[in-house]
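Asker: The following block contains a protein sequence and its predicted model.
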Amino acid sequence: MEILRIILVILHLLGMAIIIGGYFANIKAPKVAPGMLHGSYLQLVTGLALAGLAEALVDEDSSVNHMKIGIKLLLAIAVTVFAIIGKRKEKANPDQGASAAMSHATGWAAIAAVIVAVSVPGTVVG
């Protein structure tokens, strides 16, 4: 199970890198890059899998930090929704800057998720 957890963590971090990297790569001409959308899907799926794995493997004297998981889930859903809306706006209006606001919202919500992941104590507390 530890190998599965490590693989999921690696994929989760890759998803974060894709979203934030895509945001900063297009910051001069903001748009939701396709990678940002795919990275948000990867973040959401691997985050849910990691939360389920943490819940399944927690010791009896420890507990899962549900507050952290809940906040990160809301941020992951927000990132995904912003990316979906941004891609739809681009498809409907391919002009430069049609999805600039959604690009910024996607990037900053992903950065907020990183801040929560780093600053809030561990997923399993005990």
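Answerer: Alright, I've got the coordinates.
Asker: can you list the weak-confidence ranges in the protein?
Answerer: 96, 126 (pLDDT under 70).
Asker: show me where it has helices.
Answerer: For the chain, the helices defined by DSSP state H occupy 2-25, 34-57, 66-92, 100-119.
Asker: And the ones you listed: which comes nearest Val125?
Answerer: Val125 lies closest to helix 66-92 among the helices of the chain, at 9.0 Å (Cβ to Cβ). The way it works is simple: take the backbone N, C-alpha and C, and place the C-beta from them, glycine included.
Asker: what about that closest one, distance to the chain center?
Answerer: 8 Å (Cα atoms, centre = their mean, to the nearest Å).
Asker: who touches Pro94 in this structure?
Answerer: By Cβ atoms under 8 Å, 6 or more residues apart in numbering, Pro94 lies in contact with nothing.
Asker: Can I get the helices of the chain in TSV including distance to Val125 and mean neighbour count?
Answerer: What follows is the helices of the chain, written out as TSV (distance: least, Cβ to Cβ, whole Å; neighbours: other Cβ atoms under 10 Å):
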stretch	distance to Val125	mean neighbour count
helix 2-25	17	16
helix 34-57	11	18
helix 66-92	9	18
helix 100-119	14	18
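Asker: Roughly how far does Leu37 sit from Leu44?
Answerer: Here the criterion is Cβ to Cβ, to the nearest Å. By it, Leu37 lies 11 Å from Leu44.
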